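Trainee: the sequence isn't on hand, but the structure is:
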Ligand SMILES: [Zn+2]
(Lines give C-alpha, C1' and ligand atoms only; values in the text may rest on other atoms or scores of the structure.)
Protein backbone atom coordinates (compact mmCIF):
# COMPACT_ATOMS: atom_id res chain seq x y z
CA UNK A 1 0.00 0.00 0.00
CA UNK A 2 1.09 3.56 -0.65
CA UNK A 3 1.88 6.09 2.07
CA UNK A 4 -1.80 6.93 1.74
CA UNK A 5 -3.21 9.71 -0.37
CA UNK A 6 -2.35 12.00 2.50
CA UNK A 7 -3.12 15.66 1.94
CA UNK A 8 0.26 16.95 2.92
CA UNK A 9 -0.71 20.61 2.97
CA UNK A 10 -3.59 20.04 5.35
CA UNK A 11 -1.61 17.43 7.24
CA UNK A 12 -4.36 14.87 7.68
CA UNK A 13 -3.24 11.25 7.94
CA UNK A 14 -4.70 7.87 8.72
CA UNK A 15 -2.61 5.88 11.18
CA UNK A 16 -1.67 2.31 10.26
CA UNK A 17 -2.88 1.37 13.78
CA UNK A 18 -4.80 3.37 16.33
CA UNK A 19 -5.08 4.89 19.78
CA UNK A 20 -7.74 3.24 21.95
CA UNK A 21 -9.17 5.47 24.67
CA UNK A 22 -10.60 4.38 28.05
CA UNK A 23 -14.03 3.89 26.54
CA UNK A 24 -12.74 1.64 23.78
CA UNK A 25 -12.96 4.32 21.05
CA UNK A 26 -10.57 3.58 18.19
CA UNK A 27 -8.89 6.76 16.97
CA UNK A 28 -6.85 6.74 13.79
CA UNK A 29 -7.31 10.03 11.92
CA UNK A 30 -4.67 12.59 12.84
CA UNK A 31 -4.43 16.25 11.93
CA UNK A 32 -0.86 17.47 12.13
CA UNK A 33 0.55 20.96 12.02
CA UNK A 34 4.11 21.74 11.05
CA UNK A 35 6.86 22.06 13.63
CA UNK A 36 7.99 25.44 14.88
CA UNK A 37 11.33 26.48 16.34
CA UNK A 38 10.06 25.30 19.71
CA UNK A 39 9.73 21.70 18.54
CA UNK A 40 13.02 21.94 16.69
CA UNK A 41 14.71 22.85 19.99
CA UNK A 42 13.00 19.96 21.78
CA UNK A 43 14.12 17.47 19.13
CA UNK A 44 17.67 18.76 19.34
CA UNK A 45 17.84 18.52 23.15
CA UNK A 46 20.07 15.49 23.44
CA UNK A 47 20.03 15.44 27.24
CA UNK A 48 16.39 14.34 27.09
CA UNK A 49 15.77 10.69 26.07
CA UNK A 50 14.67 10.35 22.43
CA UNK A 51 11.35 8.68 23.31
CA UNK A 52 10.36 11.62 25.52
CA UNK A 53 11.40 14.17 22.92
CA UNK A 54 9.17 12.40 20.38
CA UNK A 55 6.27 12.32 22.87
CA UNK A 56 6.45 16.06 23.42
CA UNK A 57 6.90 16.98 19.77
CA UNK A 58 4.02 14.74 18.66
CA UNK A 59 1.75 16.11 21.40
CA UNK A 60 2.56 19.67 20.33
CA UNK A 61 2.05 19.04 16.62
CA UNK A 62 -1.07 16.88 16.72
CA UNK A 63 -4.01 19.25 16.39
CA UNK A 64 -6.60 16.53 16.73
CA UNK A 65 -7.12 12.80 16.83
CA UNK A 66 -10.46 11.57 15.57
CA UNK A 67 -12.53 8.39 15.26
CA UNK A 68 -15.16 9.91 13.03
CA UNK A 69 -17.53 10.89 15.83
CA UNK A 70 -15.28 12.14 18.61
CA UNK A 71 -12.28 14.42 18.34
CA UNK A 72 -9.49 14.66 20.90
CA UNK A 73 -7.83 18.07 21.05
CA UNK A 74 -6.90 18.31 24.73
CA UNK A 75 -3.09 18.37 25.01
CA UNK A 76 -3.04 16.25 28.17
CA UNK A 77 -5.05 13.51 26.51
CA UNK A 78 -2.97 13.79 23.34
CA UNK A 79 0.17 13.15 25.40
CA UNK A 80 -1.42 9.98 26.79
CA UNK A 81 -2.50 9.03 23.27
CA UNK A 82 1.00 9.27 21.76
CA UNK A 83 2.34 7.04 24.56
CA UNK A 84 -0.40 4.49 23.94
CA UNK A 85 -0.01 4.47 20.18
CA UNK A 86 1.69 1.53 18.51
CA UNK A 87 5.34 2.05 17.67
CA UNK A 88 4.37 1.67 14.00
CA UNK A 89 2.03 4.64 14.39
CA UNK A 90 4.67 6.70 16.14
CA UNK A 91 7.20 6.10 13.38
CA UNK A 92 4.51 6.85 10.80
CA UNK A 93 3.75 10.15 12.56
CA UNK A 94 7.40 11.19 12.79
CA UNK A 95 7.68 10.73 9.03
CA UNK A 96 4.34 12.48 8.45
CA UNK A 97 5.53 15.38 10.59
CA UNK A 98 8.72 15.61 8.56
CA UNK A 99 6.59 15.77 5.39
CA UNK A 100 4.30 18.47 6.75
CA UNK A 101 7.20 20.52 8.11
CA UNK A 102 9.85 20.18 5.41
CA UNK A 103 8.25 18.47 2.42
CA UNK A 104 8.22 14.96 0.99
CA UNK A 105 11.75 14.76 -0.36
CA UNK A 106 14.49 13.57 1.96
CA UNK A 107 18.12 13.67 0.84
CA UNK A 108 20.82 11.52 2.33
CA UNK A 109 24.51 10.78 1.91
CA UNK A 110 25.23 7.06 1.87
CA UNK A 111 28.41 5.07 1.42
CA UNK A 112 28.08 2.18 -1.03
CA UNK A 113 28.84 -1.16 0.70
CA UNK A 114 30.55 -2.38 -2.47
CA UNK A 115 32.74 0.42 -3.89
CA UNK A 116 32.79 2.46 -0.64
CA UNK A 117 32.07 5.70 -2.50
CA UNK A 118 29.72 8.20 -0.91
CA UNK A 119 26.69 9.17 -2.97
CA UNK A 120 23.82 11.59 -2.69
CA UNK A 121 20.34 10.05 -2.82
CA UNK A 122 16.76 11.30 -2.47
CA UNK A 123 13.76 9.46 -1.10
CA UNK A 124 10.17 10.54 -1.64
CA UNK A 125 8.65 9.98 1.80
CA UNK A 126 5.12 9.85 0.44
CA UNK A 127 6.02 6.69 -1.50
CA UNK A 128 7.07 4.65 1.55
CA UNK A 129 4.95 1.54 1.98
CA UNK A 130 2.41 1.64 4.78
CA UNK A 131 0.98 -1.55 6.25
CA UNK A 132 -2.28 -1.02 8.07
CA UNK A 133 -3.19 -3.28 10.97
CA UNK A 134 -5.86 -5.77 9.98
CA UNK A 135 -7.53 -5.40 13.36
CA UNK A 136 -6.90 -1.89 14.59
CA UNK A 137 -8.07 -2.68 18.11
CA UNK A 138 -5.91 -5.77 18.53
CA UNK A 139 -3.51 -5.33 21.47
CA UNK A 140 -2.81 -8.91 22.66
CA UNK A 141 -2.61 -12.27 20.91
CA UNK A 142 -1.25 -15.78 21.41
CA UNK A 143 1.36 -17.58 19.37
CA UNK A 144 2.22 -21.27 19.55
CA UNK A 145 5.95 -21.44 18.95
CA UNK A 146 7.70 -24.28 17.06
CA UNK A 147 8.96 -25.62 20.44
CA UNK A 148 5.33 -26.16 21.48
CA UNK A 149 5.18 -23.45 24.14
CA UNK A 150 2.58 -20.70 23.90
CA UNK A 151 3.67 -17.07 23.98
CA UNK A 152 1.24 -14.35 24.97
CA UNK A 153 2.23 -11.32 22.94
CA UNK A 154 1.31 -7.66 22.96
CA UNK A 155 1.47 -5.00 20.29
CA UNK A 156 4.40 -2.75 21.20
CA UNK A 157 3.31 0.74 22.24
CA UNK A 158 5.13 4.00 22.87
CA UNK A 159 5.16 3.32 26.62
CA UNK A 160 6.92 -0.03 26.01
CA UNK A 161 9.53 1.76 23.93
CA UNK A 162 10.17 4.02 26.88
CA UNK A 163 10.43 1.07 29.30
CA UNK A 164 12.78 -0.85 27.02
CA UNK A 165 15.01 2.15 26.31
CA UNK A 166 15.92 2.19 30.01
CA UNK A 167 17.45 -1.29 29.94
CA UNK A 168 19.36 -0.78 26.73
CA UNK A 169 22.98 -1.61 27.46
CA UNK A 170 24.93 -4.45 25.91
CA UNK A 171 21.67 -6.26 25.08
CA UNK A 172 20.96 -6.57 21.43
CA UNK A 173 18.07 -4.83 19.78
CA UNK A 174 16.43 -8.08 18.65
CA UNK A 175 16.19 -9.47 22.18
CA UNK A 176 14.83 -6.18 23.52
CA UNK A 177 12.22 -5.91 20.79
CA UNK A 178 10.96 -9.37 21.82
CA UNK A 179 11.13 -8.59 25.53
CA UNK A 180 8.93 -5.54 24.91
CA UNK A 181 6.26 -7.76 23.35
CA UNK A 182 6.28 -11.16 25.04
CA UNK A 183 4.08 -10.95 28.14
CA UNK A 184 4.08 -14.63 29.06
CA UNK A 185 5.54 -17.93 27.89
CA UNK A 186 3.39 -20.86 29.05
CA UNK A 187 1.85 -18.58 31.68
CA UNK A 188 5.12 -17.22 33.07
CA UNK A 189 6.49 -13.71 32.64
CA UNK A 190 9.78 -14.00 30.73
CA UNK A 191 13.07 -12.48 31.90
CA UNK A 192 15.75 -11.14 29.59
CA UNK A 193 17.52 -14.50 29.97
CA UNK A 194 14.38 -16.42 28.97
CA UNK A 195 14.20 -14.41 25.75
CA UNK A 196 17.93 -14.88 25.05
CA UNK A 197 17.62 -18.64 25.64
CA UNK A 198 14.83 -19.11 23.07
CA UNK A 199 15.98 -20.92 19.95
CA UNK A 200 16.60 -18.85 16.82
CA UNK A 201 13.74 -20.78 15.24
CA UNK A 202 11.29 -19.68 17.96
CA UNK A 203 12.58 -16.10 17.89
CA UNK A 204 12.21 -15.90 14.12
CA UNK A 205 8.74 -17.33 14.38
CA UNK A 206 7.69 -14.72 16.95
CA UNK A 207 9.16 -11.93 14.84
CA UNK A 208 7.29 -13.13 11.77
CA UNK A 209 4.03 -13.09 13.78
CA UNK A 210 4.81 -9.59 15.05
CA UNK A 211 5.37 -8.35 11.51
CA UNK A 212 2.12 -9.96 10.45
CA UNK A 213 -0.10 -8.28 13.05
CA UNK A 214 1.66 -4.98 13.77
CA UNK A 215 1.11 -2.23 11.24
CA UNK A 216 3.69 0.36 10.35
CA UNK A 217 5.68 2.10 7.69
CA UNK A 218 8.57 0.59 5.75
CA UNK A 219 11.75 2.58 6.29
CA UNK A 220 14.09 0.30 4.38
CA UNK A 221 14.56 1.68 0.89
CA UNK A 222 16.29 0.40 -2.26
CA UNK A 223 19.26 2.36 -3.52
CA UNK A 224 21.37 1.97 -6.67
CA UNK A 225 24.95 3.19 -6.30
CA UNK A 226 25.58 6.08 -8.70
CA UNK A 227 29.25 5.11 -9.00
CA UNK A 228 29.25 1.33 -9.53
CA UNK A 229 25.58 0.49 -10.09
CA UNK A 230 25.31 -1.95 -7.16
CA UNK A 231 21.80 -2.26 -5.72
CA UNK A 232 21.61 -2.19 -1.94
CA UNK A 233 19.18 -1.42 0.84
CA UNK A 234 19.40 1.30 3.43
CA UNK A 235 17.32 2.14 6.48
CA UNK A 236 16.05 5.71 6.88
CA UNK A 237 17.34 6.84 10.24
CA UNK A 238 14.51 9.01 11.51
CA UNK A 239 16.33 9.30 14.85
CA UNK A 240 19.23 11.03 13.13
CA UNK A 241 19.13 14.80 13.37
CA UNK A 242 19.65 15.08 9.60
CA UNK A 243 16.13 13.79 9.18
CA UNK A 244 14.73 17.02 10.58
CA UNK A 245 17.73 19.31 10.23
CA UNK A 246 18.89 18.68 6.67
CA UNK A 247 21.03 21.78 6.40
CA UNK A 248 23.05 21.13 9.52
CA UNK A 249 26.21 19.18 10.01
CA UNK A 250 25.49 16.16 12.19
CA UNK A 251 28.39 16.86 14.55
CA UNK A 252 26.86 20.04 15.98
ZN1 LIG B 1 29.10 1.59 -5.41
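Mentor: Perfect, I can see it now. Since the model is a prediction, treat every value here as computed from it, not as a measurement. Numbering: from 1, shown residues only.

Trainee: so how far is residue 198 from residue 232?
Mentor: Counting by CB to CB, to the nearest Å, the gap from residue 232 to residue 198 is 30 Å. (C-beta placed from N, C-alpha, C; glycine too.)

Trainee: and these two? Which one has more around it.
Mentor: Legend: neighbour count by other CB atoms under 10 Å for residue 232 and residue 198, higher for residue 198 (21 against 12).

Trainee: please enumerate the strands of the stretch 151-252 of the chain.
Mentor: Using DSSP state E, counting those that start in this stretch, the strands of the stretch 151-252 of the chain run over residues 182-185, 216-217, 220-224, 231-235.

Trainee: winner for burial among the ones you listed?
Mentor: Across those, averaging neighbours per residue (mean count of other CB atoms under 10 Å) puts strand 216-217 on top, at a mean of 21.

Trainee: before we move on, the earlier item: can you redo the strands of the stretch 151-252 of the chain as TSV with distance to the ion and mean pLDDT?
Mentor: Below are these laid out as TSV (distance: least, CB to the ion, whole Å; pLDDT from 0 to 100):
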stretch	distance to the ion	mean pLDDT
strand 182-185	40	96
strand 216-217	27	95
strand 220-224	9	94
strand 231-235	8	94
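
Trainee: with distance to residue 100 as added columns, please give these in TSV.
Mentor: Below are those laid out as TSV (distance: least, CB to CB, whole Å):
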stretch	distance to residue 100
strand 182-185	35
strand 216-217	15
strand 220-224	20
strand 231-235	22
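
Trainee: show me the one of the ones you listed that comes nearest residue 55.
Mentor: Closest of the strands of the stretch 151-252 of the chain to residue 55 is strand 216-217, at 18.1 Å (criterion: CB to CB).

Trainee: counting neighbours, what do you get for the closest residue to residue 159 other than its chain neighbours?
Mentor: Nearest non-adjacent residue to residue 159, counting by CB to CB, 6 or more residues apart in numbering: residue 83, 4.8 Å away. By the criterion of other CB under 10 Å, residue 83 has 21 neighbours.

Trainee: how about residue 83, secondary structure?
Mentor: helix (DSSP: H, G, I helix; E, B strand; the rest coil).

Trainee: residue contacts, it?
Mentor: By CB atoms under 8 Å, 6 or more residues apart in numbering, the contact list for residue 83 reads 55, 157-159, 162.

Trainee: quick one: it and residue 182, what's the gap?
Mentor: Between residue 83 and residue 182 the computed distance is 20 Å (CB to CB).

Trainee: so residue 206 touches residue 149, yeah?
Mentor: No: using CB atoms under 8 Å, residue 206 is not in contact with residue 149; the gap is 10.8 Å.

Trainee: okay, those two: which has more neighbours?
Mentor: For the pair residue 206 and residue 149, the greater number of neighbours falls to residue 206 (22 against 15), based on other CB under 10 Å.

Trainee: tell me who's in contact with the more buried one.
Mentor: Going by CB under 8 Å, 6+ apart, the list of residues near residue 206 reads 143, 145, 151, 153, 178, 181-182, 198.

Trainee: try it again with 10 Å
Mentor: 143, 145-146, 151, 153, 177-178, 181-182, 185, 195, 198 (CB atoms under 10 Å, 6 or more residues apart in numbering).

Trainee: mind listing the residues bridging to residue 216?
Mentor: residue 131 (DSSP bridges).

Trainee: that one contacts residue 85, doesn't it?
Mentor: No: counting by CB atoms under 10 Å, residue 216 sits too far from residue 85 to count as a contact (11.2 Å).

Trainee: shared neighbours, those two?
Mentor: Common contacts of residue 216 and residue 85, defined by CB under 10 Å, 6+ apart, comprise 17, 91-92.

Trainee: can you list the low-confidence ranges for the chain?
Mentor: Within the chain, the stretches with pLDDT under 70 are 1-10, 168-171, 246-252.

Trainee: return the subset of the shared contacts of residue 216 and residue 85 lying in strands.
Mentor: Using DSSP state E, residue 17 are the members of the shared contacts of residue 216 and residue 85 that sit in strands.
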